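# here are the coordinates; sequence isn't available:
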């Protein structure tokens, strides 16, 4: 398998694997363009499909972690017919090579304690590749790390992510443009909430500084109800209504 690195020169003509078409794709590409100057790297398979890795210096990551000197992996996604061919190994190995070339302390990534969750990396695969748990949020999401330097300090969550909680009653949703699926589903969730009289506050996170203060480990999508963290999985309008206790 050959891989393509997305750059400012080719991003407008290359697909970005996970992106939906139209407005969703454009918003994701605009988000990527702004991050490229901050050290973001995006590699995808030459063959069209969901097979890619996206990572960035942890200082610039849109997550509430303390991991100076590390590379943070935003997403490592292999799906469908692309699974089972070693592509995840290829992409992760490229990230490791890049981290060593930059003199980085190691890599870190979000996973789920004990089980696989949507949009989080497989903890079994990460453990097989040498990653260990660095910190665990109260909501069961883990920060895993692979040290590359003997003196590498263990990364950790900021307090807001370690103890996730929204300050308001009702439903509260934080989201960013980092994932194109939020652009599609968040308005549909808002409409469903209006139709059923469900109090919902939606917070569109538009800067790294805001993201690093979000009261949850995942900032791409974080849904709360009455202060309690519910899920990082992007919800359809129907799934949202089920979480809110509404049956149609």
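Perfect, thanks for sending it. Note that the coordinates shown come from a computational prediction; the quantities given were computed from them, not determined experimentally.
# C-alpha from now on. contacts and neighbour counts both.
OK.
# which parts of the helix or strand bottoming out on mean pLDDT in the chain are buried?
Within the chain, no helix or strand scores below helix 23-36, which has a mean of 86 by mean pLDDT, DSSP states H and E. Buried residues in helix 23-36, counting neighbours by 16 or more other CA atoms under 10 Å, are found at 24-25, 27-29, 31-33, 35.
# and that helix, what does it pack onto?
helix 180-195 (3 or more CA pairs under 8 Å, 6 or more residues apart in numbering; DSSP states H and E).
# Which strands and helices lie in contact with the next helix or strand after the helix it packs on?
Per DSSP states H and E, the first helix or strand lying C-terminal to helix 180-195 is strand 200-204. Applying 3+ CA pairs under 8 Å, 6+ apart, one finds that strand 200-204 makes contact with strand 171-175.
# what does the strand it packs on contact?
166, 182, 198-205, 214, 219-227 (CA atoms under 8 Å, 6 or more residues apart in numbering).
# Could I get the average pLDDT for the helix or strand that the least confident helix or strand of the chain is followed by?
Toward the C-terminus, helix 23-36 is succeeded by strand 41-45 as the next helix or strand (DSSP H and E). Strand 41-45 shows a mean pLDDT of 92.
# Mind listing the strands strand 41-45 pairs with, and their directions?
Applying DSSP bridges, strand 41-45 is found paired with strand 3-5 (antiparallel), strand 51-57 (antiparallel).
# what does that strand contact?
Contacts of strand 41-45 (CA under 8 Å, 6+ apart): 1-6, 16-17, 51-56, 91.
# Point to the residue nearest the middle of this structure.
residue 74 (4.8 Å; CA atoms, centre = their mean).
# For that residue, give its distance to residue 177.
13 Å (CA to CA, to the nearest Å).
# What of residue 224?
Distance from residue 224 to residue 177, by CA to CA: 19 Å.
# wait, isn't residue 131 in contact with residue 146?
Yes - judged on CA atoms under 8 Å, residue 131 makes contact with residue 146 at a distance of 4.6 Å.
# which regions of this protein sit below the pLDDT cut-off?
17-24, 49, 114-116, 248 (pLDDT under 70).
# again, only this time at 80
1, 16-25, 47-49, 80-82, 113-118, 247-248 (pLDDT under 80).
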